[in-house]
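> Predicted model and sequence follow; I will ask about them next.
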Amino acid sequence: MKSKVSYLVGSGLTPYGKHEGYSTIDLMSQAAQLALSDSGLVRGDIDAVICGYSTTLPHLMLATVFAEYFGIKPTYAHCVQSGGATGFTLAMLAHQLIASGAAKRVLVVSGENRLTGQSRDSAVQVLAQVGHPTYEVPLGPIIPAYYGLLANRYMYEHGNDERDFAELAVTMRRHACLHPGAQFDTPITVDEVLSSKPISSPLKMLDCCPMSDGGCAFVIASEALGDYPIKITGTAQHHNEQHVSAMKDLTHFGAQSCTHNALGQANRTIKDVEYSAIYDSFTITLAILLEEIGLAPRGQAGRLAREGYFDANAKMPLNLHGGLLSYGHCGVAGAMAHMAEAHLQMTGRAGVRQTSRAGVTLLHGDGGVLSSHVSIVLESV
Amino acid sequence: MNTPSTLNPPQPPGSDWTNGGDALHFQHCRACANIWYFFRPFCPSCGDQNPPVKSSLGRGVVFTQTLVHRAPDAKFRELAPYKIVLVDLDEGFRIMAHGDKDLVIGDSVMLSFITLSDQKIPYFKKI
């Protein structure tokens, strides 16, 4: 099935880290202005506003709250909520809105002061609610515990050790060191990852993404507007059982069929992919997704990272802004940063991080505990 | 913090660990033979109404495990580090539970229960 093309014509990404004193709406506004400026459009050009939820500003109508504050009167607006999958779900929705004719210029925006807007315990507890309230949450699992369960099973099945996960953290940090907006800019070693504070075995502090403040926005349009348009040529989702205890299969999560469907819409295969932007909430998340999607052989993501396979000018450039692990994770905008970096890479604007080829890009994100999946294919105009 | 809301309807008080009892319930569909853990008044596979509730004998095998060091709140901080396991019960369903700290994947285990600040928690020991 070939779907209609839409265009990513502007992106805006704030630095991630501490933005003391800035609210969700402030960070959304900063990102939205950056994206508008990047697209060459003004507020009056936008006819749809879609946004993601914020844990520090839970509101029934966040999209229109933002639209009023920022100064847009859209003919289509609402907020989307699908955990970590929300960012790419928003991009898919914008693509669909354009394909259906419901909108012509969609502002996609998210931001959150997740780091400074609440206590760490509060954030940990809110996020843990992706677990089942009766059968899981009363046992005291935190999000890294769910992923720790997956990581131990992964090591059991593939014979890997914790160093393989550490290599992915080291690679993401190396990339982040070249981005001035990244939350972390000090290189780390495998030994430092291994000796970082234990969180939920086998995951240590440096296997886990941080909490951040930040915002990210896109303008997605029906035409190749402005100076930096790229095409969205394929989008797909896949959803498993919501809860880890209910998931029938903890080895095949559906990422492969999801990316396959998105690539198929674009008349592409995995072999055509030149740049990859893959959700990396934890090192194990990245390992499982890379391998299931087919960007690395099973059990080999860590080894490839050690060999530099995911670097800017190597075989498969990956998350060159540093990913959630090192650029930062402020909720919905966390994954959107992967797409903002892809936009820069694909339009030759990534400076010292620039890869030599990024014509076809595959984005893949997950929400819950690998329960919800979204894939997006981007191509140069 | 947001108080967890209820997804599945509660079973009678004291009937299984989720409401204070020393039992682990699962359900079995008379129509399609589906077996599952999270209580519902219908079969999630075929929709058959009022599927029977059964009590597990509590024998199973550790599918995976993690030792949690970073607890979500004060109650669990006192317990940390604690072991969380996914166990495949002999009856054909999987549950999340606590267990002995040295449990590894593949261990045969038997169910017991512990109480942590009024919360009953399923707990597996190696057999």
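In hand now; what should we look at?
> outside of stretch A:145-158, which residues touch it?
A:130-131, A:160-162, A:165, A:199-203, A:207, A:244, A:250-251, A:281-285, A:287-288, A:298-299, A:369-370, B:63-68, B:84, B:86, B:105 (CB atoms under 8 Å, 6 or more residues apart in numbering or on different chains). In this view, the C-beta of every residue, glycine as well, is placed from N, C-alpha and C.
> Over to stretch A:69-81?
Counting by CB under 8 Å, 6+ apart, A:25, A:28-29, A:32, A:43, A:46-53, A:59, A:61-64, A:67, A:86, A:89-90, A:93, A:97, A:102-103, A:106-107 sit against stretch A:69-81.
> Got a ChimeraX select line for the buried ones in these?
To isolate the buried subset of these in ChimeraX, counting by 16 or more other CB atoms under 10 Å in any protein chain shown, use the following:
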select /A:25,28,29,32,46,47,48,49,50,51,52,53,62,63,64,67,86,89,90,93,97,103,106,107
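> thought B:Pro52 was touching B:Gln27?
Yes: assessed by CB atoms under 8 Å, B:Pro52 is found in contact with B:Gln27 at 6.8 Å.
> the more surrounded of those two?
Using other CB atoms under 10 Å in any protein chain shown as the criterion, B:Pro52 and B:Gln27 rank with B:Gln27 on top: 21 against 9.
> so that one, which of the three states?
strand (DSSP: H, G, I helix; E, B strand; the rest coil).
> Identify the residue spatially nearest to it, adjacent ones excluded.
Spatial nearest neighbour of B:Gln27, chain neighbours left out: B:Pro51 (4.8 Å); criterion: CB to CB, 6 or more residues apart in numbering or on different chains.
> Compute the number of surrounding residues for the nearest residue to A:Ala255 once chain neighbours are set aside.
Among residues not flanking A:Ala255 along the chain, A:Glu292 sits closest, at 4.3 Å (CB to CB, 6+ apart). Neighbour count of A:Glu292, defined by other CB under 10 Å: 22.
> What residues does chain A have near chain B?
Taking CB under 8 Å from any CB of the partner chain as the criterion, the neighbours of chain B within chain A are A:121-122, A:124-126, A:128-129, A:132-142, A:144-145, A:148-153, A:156, A:197-203, A:243-246, A:250.
> Among the contacts of stretch A:145-158, name the buried ones.
Listed as buried from the contacts of stretch A:145-158 are A:130-131, A:160, A:162, A:165, A:199-203, A:207, A:244, A:250, A:281-285, A:287-288, A:298-299, A:369-370, B:63-68, B:84, B:86, B:105; burial here means 16+ other CB under 10 Å.
> Pretty sure A:Asn319 sits against A:Asp280.
Yes: the criterion here is CB under 8 Å, and A:Asn319 meets it with A:Asp280 at 6.3 Å.
> Identify the contacts common to the two.
A:Met172.
> start to end distance for stretch A:240-248?
9 Å (CA to CA, to the nearest Å).
> which residues are contacting it?
Here stretch A:240-248 makes contact (CB under 8 Å, 6+ apart) with A:130-132, A:135-136, A:146, A:149-150, A:249-250, A:253-254, A:368-372, B:36-38, B:86, B:94-96.
> Around chain A, pick out the residues from chain B.
B:1-2, B:4-8, B:10, B:18, B:36-38, B:63-73, B:75-76, B:79, B:81-82, B:84, B:86, B:94-98, B:105, B:119, B:121.
> cutoff 6 Å now
B:1, B:4, B:7-8, B:18, B:38, B:64-70, B:72, B:76, B:84, B:86, B:94-96, B:105, B:119 (CB under 6 Å from any CB of the partner chain).
> Just give the nearest non-adjacent residue to B:Ala97, would you?
Of all residues not flanking B:Ala97 in the chain, B:Pro122 sits nearest, at 4.0 Å (CB to CB, 6+ apart).
> circling back to that earlier point, my read: the residue nearest to B:Gln27 touches B:Cys43, true?
Yes: with contact defined as CB atoms under 6 Å, B:Pro51 counts as touching B:Cys43 (5.1 Å).
> Name the SS class of B:Met96, please.
With three-state DSSP as the basis, B:Met96 sits in strand.
> Near it, how many residues? Count them for me, please.
B:Met96 has 25 nearby residues by other CB under 10 Å.
> again, but for the one 3 residues further on
A count of nearby residues for B:Gly99, using other CB under 10 Å, gives 23.
> Spit out the contact partners of it.
Taking CB atoms under 6 Å, 6 or more residues apart in numbering or on different chains, we find B:Gly99 in contact with B:83, B:85, B:124.
> ok, B:Trp56 - contacts?
I think there's a mix-up here, since residue B:56 is Ser and not Trp. B:24, B:26, B:89, B:91.
> And it, how far from chain A?
With distances taken as CB to the nearest CB, to the nearest Å, B:Ser56 is found 13 Å from chain A.
> For that residue, give me the pLDDT.
On pLDDT, B:Ser56 comes in at 98.
> Ok, A:Thr186 next?
For A:Thr186, pLDDT reads 97.
> Setting the sequence-adjacent residues aside, check what's closest to A:Asp38.
With sequence-adjacent residues excluded and distances taken as CB to CB, 6+ apart, A:Asp38 is closest to A:Gly10, at 3.7 Å.
> Let me know the outermost residue of chain B.
Most distant from the centre of chain B: B:Ala31, at 24.4 Å, with distances by CA atoms, centre = their mean.
> The one helix or strand the residue nearest to A:Ala255 maps to - contacts with which helices or strands?
If you go by DSSP states H and E, A:Glu292 is part of helix A:283-293. Counting contacts by 3 or more CB pairs under 6 Å, 6 or more residues apart in numbering or on different chains; DSSP states H and E, helix A:283-293 is packed against helix A:143-158, helix A:162-176, helix A:255-265, helix A:301-306.
> do that again at 7 Å, thanks
Judged by 3 or more CB pairs under 7 Å, 6 or more residues apart in numbering or on different chains; DSSP states H and E, the packing partners of helix A:283-293 are helix A:143-158, helix A:162-176, helix A:255-265, strand A:275-278, helix A:301-306, strand A:360-367.
> by contact count, what packs against the second one?
The one in question is helix A:162-176. Partner elements for helix A:162-176 (3+ CB pairs under 7 Å, 6+ apart): helix A:190-194, helix A:283-293, helix A:301-306, helix A:323-326.
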